[in-house]
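> What shape does this take:
(chains A and B)
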Amino acid sequence: MIHLALQEKLQRAVHALLPDADVSSVLVRPCAEPKFGDYQANALIGLAKRNQLNPREFAAQVIEQLDVADCCEPVTIAGPGFLNFRLKTEALSEVLVGAAKGEHLFYRTAAEPRTIVIDYSSPNVAKPMHVGHIRSTILGYTLAKVFRLLGHNVVTDNHIGDWGTQFGKLLVGWKEHLNKDALGQDALAEMERLYKLVNTACDADEAVLTHARNELVKLQDGDAENLAIWREMINLSRHQFDEIYGRLGVKFDETLGESFYNDRLKGVVDELITQGIAEESDGAQVVFFNDHKSLKKHPAIVQKSDGAANYTTTDLATLEHRQNRWQPSEVIYVTDGRQQLHFQQLFELYTRWKPSHGMKLNHVWFGTILGEDGRPFKTRSGEIIRLSGLLDEAEQRAFDAVSEKNPDLPEEQRHTIARVVGLGAIKYADLSGNRQSDYVFSWDTMLALVGNTAPYLLYAYTRIRSLFRKLGDESLTRPATFALGQAEELTLAKHLLRFGLVLELVIDECRPNYLCNYLYELAGLFGSFYENCPVLQAEGDTRTQRLALCDLTGQVLNTGLETLGLETTDRM
RNA sequence: GCCCCGGUAGCUCAACUGGAUAGAGCGUCUGCCUUCUAAGCAGAAUGUUGUGGGUUCAAGUCCCGCCCGGGGUACCA
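Prediction:
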C-alpha cells in the first residue's frame, strides 16, 4: 500500500530534476535485507549514469525534492546510490487501522480493469483426466482468481478436445467392442480401453484402419448414428470432467470445445490463402515464417493434404471468436511447455492474419511432468495416474494424519478436514513451485504435511481461529492505533502491507508461486508472533491490537488461500 | 542439423525492473509442551549458482563460446 505512494512521490521528485527522463522504471521495492530499511529504490543509479551524473549526488538531490516525512523516517543513501526508506510506525499503524475498519485488505483493485480470456485444463473427450491435466487446471483457475481479485474481468474457457481423428477409432470400438456394464461403471476407462484396443488393431491390420477412417468420414459428413455416438461420448466425458472439477472446486465460464469451431475452419483456410498467407506445399496448405528467426525452419500447416484442418486452424478460429466476442486485452493459454512452438506459430500467424488485433497473446507454459525416476511422464506409457485416484489418495492420507493428530474429533469432521487438507496439499504442491521447472511427480512431495505446504498454512489459520473461538461472545474492538512495540508484531504488520504488491507480481508474470511464498512467509511470521506475543493473556490496548493483528493475518491468509483455490478449516 | 527450455546446498525448490552477506523446506544435530492447537517455535551445519570469457559501480539474473540434461522440429494435440 504505502510503497505505491512512495513510488509516486519518488517519480515526481525525479521528474522535477530530469524532466525528460522516463521515470516509469523508478520503482520502490521491499528491501531484501530488513536492516537496510523497509523499502528501497535502486533505479536512481542507472538513471544518474545515463545522464552523466554522480549517482550519490543525484540521489541526494532527489531526496531534497522528496517529502515523505508523513510516512517515513529520513531517507538514507547507501552504497552506490540506493535509497532506503524506513516506515514510521504511525504510518504503518494508520494502514492497519484502515484495514481493521474493513476499508481495504492491503491491496487495491485496478483503476482500469482489463478483460482477460484464460484457456486452461482442456481435457480430451473419451480419455480419463490424468495427473498431466492438473497443472493446467489448477494454474489457470488460480490465475483467473488473482486477476478477478484485483478487479479485472476474466472469461475462463475450457477448450476441450471433442473433435479429431481419434473418433474414427473410437467409433469402431464403440460399435464392435462396447461393454455396456463397464461403460456404466467407469465410462472414461471403457472408452479408453476401446481406443487402445482399436488402435492396436489398426497397427496390425490395415483393414481396421480403413474402417476407422471411414467411420471418421461418416462422422464428419454428419451421419446420424455416428453423431449420436459422438454426442454420447462427449456427454459421458463431460459428466466425469465435471465430477473432477467439482472436487477441485474449479469452474469455467465457457466450455467451447474444438467442435464448436468446425463450421469456421474452411473459411479460415480460405482467408489465409486469399490473403497470400498460406500456400500449397506437398498438397497441404502451409504458412512459412521466412522473416522470423526461430520459426524460419518451422512452417505451420493449416490444412492437411487430405483437406482436413488441424489444431492450428482450430486455434486460429478460436482466437478469432474470442477477439470478436469479448474484445479481451489479453488471452492466456495455460499448457505444457512442449507446445511452445505451436503457440509461437499461432501468435505469429494470427498477428499476420489480423495485424491490428492489439491483444496480448500469452502462452503461460509449465514444465514437463516427470516420473520419480526423472524420465518424462508420458501419457502413452500406459502408466497413467488417474486424477480421481490421486485425489482419493490425498484425502485418505490427510484423513490418517488428522485422525492421528486429533482423534477426538467426530469422524464426519475429520473427513471434512481431510478433504480441505488433502486437496489443498495437492493444489498447493502444484502452485508453490516455479511453473517452468520440470515437475517431478511424487506422492511424498504432493502430500507432504510439513514445510512449505498447504497444511502448514492451514494450520496457522486454525491457530488464529482457535483464538477467536476462545474469545467466545466477546466482540472484537477496533484499535484506534497500533503500537507494534514488540519486534514480532512490527515484522508481521509490515509483511501484511506487502500483500497487494505480491498480487500484482502474480498477474504480471502469471506466477502464483509468488503468492505461495508470500503466504508461507506470512504464516512463518505469524508463528513467531504467536509463540512470543501472548494474545488472550495480554491486557488492555495490547490485547486489542494483537487480536486485531491476528484477525488481519487471518483475513489475508484466508483471502490468499481462497485465491489459490484452497478452502480453510477452523480446526485440524 | 536447427529452434526452445533448463543446470543453484545431499534431495526438492525459491530468489520481485540486474542490487547490498544467494534463501527455505526435507533430511541431520540441539533445546522448548502443568501456559492461546508441538501439523508448532528457537538454534546449529550445509554453496566456486555446470564451465570459460564479456558488459556493468553491481551478474544466479544480461551477451558470446563450450559441457551436460530435457523438449520440439510438415500433415497428433
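
> Look at the closest residue in space to residue A:300 that isn't next to it in sequence and report its pLDDT.
Leaving aside its sequence neighbours, residue A:300 sits nearest to residue A:345 (C-beta to C-beta, 6 or more residues apart in numbering; 4.2 Å). (C-beta placed from N, C-alpha, C; glycine too.) The per-residue pLDDT reported for residue A:345 equals 93.

> for residue A:149, same thing?
pLDDT, read off for residue A:149, is 97.

> quick one, phi/psi of the nearest residue to residue A:446 once chain neighbours are set aside?
Nearest in space to residue A:446, with sequence neighbours left out and distances taken as C-beta to C-beta, 6+ apart, is residue A:429 at 4.5 Å. According to degrees, to the nearest 10, the main-chain angles of residue A:429 amount to phi -60, psi -30.

> Remind me which helix or strand the residue nearest to residue A:300 belongs to.
helix A:340-353 (DSSP states H and E).

> same deal with residue A:138?
Judged by DSSP H and E, residue A:138 forms part of helix A:131-149.

> average pLDDT across the helix or strand following that helix?
Next along the chain after helix A:131-149, taking DSSP H and E as the criterion, comes strand A:153-157. Here strand A:153-157 scores 97 as its mean pLDDT.

> report the angle between the axes of strand A:153-157 and helix A:131-149?
160 degrees (axes from the mean of the first three to the mean of the last three C-alpha atoms, to 10 degrees).

> Buried residues in the helix or strand just after strand A:153-157, which are they?
For strand A:153-157, the succeeding helix or strand toward the C-terminus, using DSSP H and E, is helix A:166-177. Buried residues in helix A:166-177, counted by 16 or more other C-beta atoms under 10 Å: A:166-174.

> tell me the mean pLDDT for helix A:166-177?
On average, helix A:166-177 scores 92.

> residues from the stretch 351-500 of chain A in reach of RNA strand B?
With C-beta under 7 Å from any atom of the strand as the criterion, the stretch 351-500 of chain A meets RNA strand B at residues A:367-368, A:376, A:398, A:401-402, A:405-406, A:417, A:421, A:432-434, A:436-440, A:445, A:448-452, A:455-456, A:459, A:462-463, A:465-467, A:470.

> picking that back up, the residue nearest to residue A:300: neighbour count?
For residue A:345, the neighbour count with other C-beta atoms under 10 Å is 21.

> List the residues that contact residue A:538.
Residue A:538 is in contact with residue A:546, counting by C-beta atoms under 8 Å, 6 or more residues apart in numbering.

> Then the one 3 residues further on?
For residue A:541, the contacting residues are A:479, A:483, by C-beta under 8 Å, 6+ apart.

> do residue A:60 as well
Contacts of residue A:60 (C-beta under 8 Å, 6+ apart): residue A:77.

> That one and RNA strand B: what is the separation?
15 Å (C-beta to the nearest atom of the strand, to the nearest Å).

> For the residue of the stretch 101-250 of chain A found nearest RNA strand B, which non-adjacent residue is closest in space?
Closest contact between the stretch 101-250 of chain A and RNA strand B, by C-beta to the nearest atom of the strand, is at residue A:164 (4.6 Å). In space, and not counting its chain neighbours, residue A:164 is closest to residue A:258: 6.9 Å by C-beta to C-beta, 6+ apart.

> For that neighbour, give me phi and psi.
Dihedral angles for residue A:258 - degrees, to the nearest 10 - are phi -60, psi -40.

> Tell me how many other residues surround it.
By other C-beta under 10 Å, neighbour count at residue A:258 equals 22.
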